[in-house]
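**Q** sequence first, then the predicted structure, then my questions.
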Amino acid sequence: MSDIIAEINRAVSEAEGRAAAAAAAAEIEAVRIDYLGRNGLFPALSRRMGEIPPELRRAAGGAFNAGRTRIQAAIEAAQQRLASGGEEKDAIDLTLPGRRGAAGRIHPISRTAEECAEIFRRMGFIAVDGPEIEDIYHNFDALNTPMDHPSRDPQDTFYFPDGRILRSQTSPVQIRVMETHTPPVRIVAPGRVFRRDTPDATHGMNFHQIEGLYVDKNVSMADLKSVLQRFAHEMFGPDVRIRLRPHFFPFTEPSVEYDFSCVVCGGKGCNVCKNSGWIEIAGAGMVDPAVFKAVGYDPAVWSGFAFGLGIERLAMLRHRIPDLRLLYENDVRFLRQF
Ligand code: PHE
């Protein structure tokens, strides 16, 4: 009667072999059904235990229990092997590192504009927005630049059939703010501007400026200079010096262009500053009384200064970008560096 023990052992090694070779969950389940299922081999063996002589029953029972445990273990091992990526083709390997999503980043022009606005914010200026599609009145006339004024020529821009234009400068935001607010005024207006220009390494038909306007009583040129000086230090470090040169803008009087000492060579002269030691940054000046009149401010009471900065130029200086067009080509190999 010991052949029942031999039968159990044969069944166990057969079941272990099938479980180890199983390549799909269905094959493992078939092993369970064949050996341990209600109509499987082990329940049938169990029913035959009664026929076994009492002196052998103990040994047969031990072999039966041990065999059932081994088959169960073989089934579990096979299930784990499949779950961890074994042979089943749609299994998931939970131990693999995740795939990183492609995160975008802020464009260097936007970043530089935000940094400028933040520097001026710390000096008490709030950032405001204005429309890119402007009317000629706000872009030129209210800024003391009438139809026949030669200053309109270098700022020729793009026209809509209804007479509106793409703004050629952020200065019209000065007008829009003063039309809707009473002084004192302390704003900066970053944004995109458009000009009829032939693209080259330092020119494009659209670029970005940040405009500043400060209106209060007894504002002087010294206030303008100290704000620009502070900005230069915050942006490029404490060693940068600034200089103002006489210039002309229709909407400021007196007007200046201002330069930073070269942030690359420190003023000694290099190819970035064309050996002059200075880099031209933008224009500024004291608000012209004609502009105050256009917005209904009394020029006898109010005084102020305005300035404009070119964002691309600042970004190029900060990051040593040699050609403005790189900023507009959307080449991720370039943009990824920032
Ligand atoms: N709007 C002028 C330009 O685009 C710059 C400027 C702004 C000058 C404010 C003076 C005051 O050239």
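**A** Alright, I've got the coordinates.
**Q** show me where the stretch 101-250 of the chain has helices.
**A** Chain-ordered helices for the stretch 101-250 of the chain, with DSSP state H, counting those that start in this stretch as the definition, fall at 108-122, 136-139, 172-180, 221-236.
**Q** so which bits of stretch 286-300 are buried?
**A** 286-289, 291-292, 294-295, 297 (16 or more other CB atoms under 10 Å). Just so you know, the C-beta spots here come from the backbone N, C-alpha and C atoms, and that holds for glycine as well.
**Q** name the residues that touch it?
**A** Counting by CB atoms under 8 Å, 6 or more residues apart in numbering, the neighbours of stretch 286-300 from elsewhere in the structure are 141-144, 174-175, 178-179, 183, 213, 215, 219, 221, 224, 250-254, 302-306.
**Q** if you set the cut-off to 6 Å instead, what comes out?
**A** Here stretch 286-300 makes contact (CB atoms under 6 Å, 6 or more residues apart in numbering) with 142, 144, 178-179, 251-253, 304-306.
**Q** can you narrow the residues you listed to ones near the ligand?
**A** Among the contacts of stretch 286-300, the residues lying close to the ligand (CB under 6 Å from any ligand atom) are 252, 306.
**Q** ok so, going back, CSV for the buried residues of stretch 286-300, including pLDDT, secondary structure and distance to L41?
**A** Listed next are the buried residues of stretch 286-300 as CSV, based on pLDDT from 0 to 100; DSSP: H, G, I helix; E, B strand; the rest coil; distance: CB to CB, whole Å:
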residue, pLDDT, secondary structure, distance to L41
M286, 98, strand, 103
V287, 98, strand, 100
D288, 98, coil, 104
P289, 98, helix, 107
V291, 98, helix, 100
F292, 98, helix, 103
A294, 97, helix, 101
V295, 98, helix, 98
Y297, 98, coil, 101
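**Q** wait, which of those is closest to the ligand?
**A** Of all the buried residues of stretch 286-300, the ligand sits closest to V287, with 8.3 Å by CB to the nearest ligand atom.
**Q** list the buried ones in the longest helix seen in the chain?
**A** Using DSSP state H to assign secondary structure, the helix with the most residues in the chain is helix 54-83. For helix 54-83, burial by neighbour count (16+ other CB under 10 Å) applies to 60, 63-64, 67-68, 70-71, 74-75, 78-79, 81-82.
**Q** export the residues you listed to a markdown table and append columns for pLDDT and distance to the ligand.
**A** Formatted as a markdown table, the buried residues of helix 54-83 follow (pLDDT from 0 to 100; distance: CB to the nearest ligand atom, whole Å):
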| residue | pLDDT | distance to the ligand |
| --- | --- | --- |
| A60 | 87 | 101 |
| A63 | 89 | 97 |
| F64 | 90 | 95 |
| G67 | 92 | 91 |
| R68 | 92 | 89 |
| R70 | 93 | 86 |
| I71 | 93 | 85 |
| A74 | 92 | 81 |
| I75 | 93 | 79 |
| A78 | 90 | 76 |
| Q79 | 89 | 73 |
| R81 | 86 | 71 |
| L82 | 84 | 69 |
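**Q** report the two of those separated the most.
**A** Using CB to CB, the pair of those lying farthest apart is A60 and L82, separated by 33.4 Å.
**Q** residue numbers of the chain in contact with the ligand?
**A** Among all residues of the chain, those adjacent to the ligand (criterion: CB under 6 Å from any ligand atom) are 169, 171, 211, 249, 252, 282-285, 306-308.
**Q** rewinding a little: pick the most buried one from the helices of the stretch 101-250 of the chain.
**A** Sort these by mean neighbour count, taking mean count of other CB atoms under 10 Å, and helix 172-180 sits at the top with a mean of 20.
**Q** so which residues make contact with stretch 101-108?
**A** Applying CB under 6 Å, 6+ apart, the contact partners of stretch 101-108 are 315, 338.
**Q** could you work out the end-to-end span of it for me?
**A** This stretch, stretch 101-108, spans 21 Å end to end (CA to CA, to the nearest Å).
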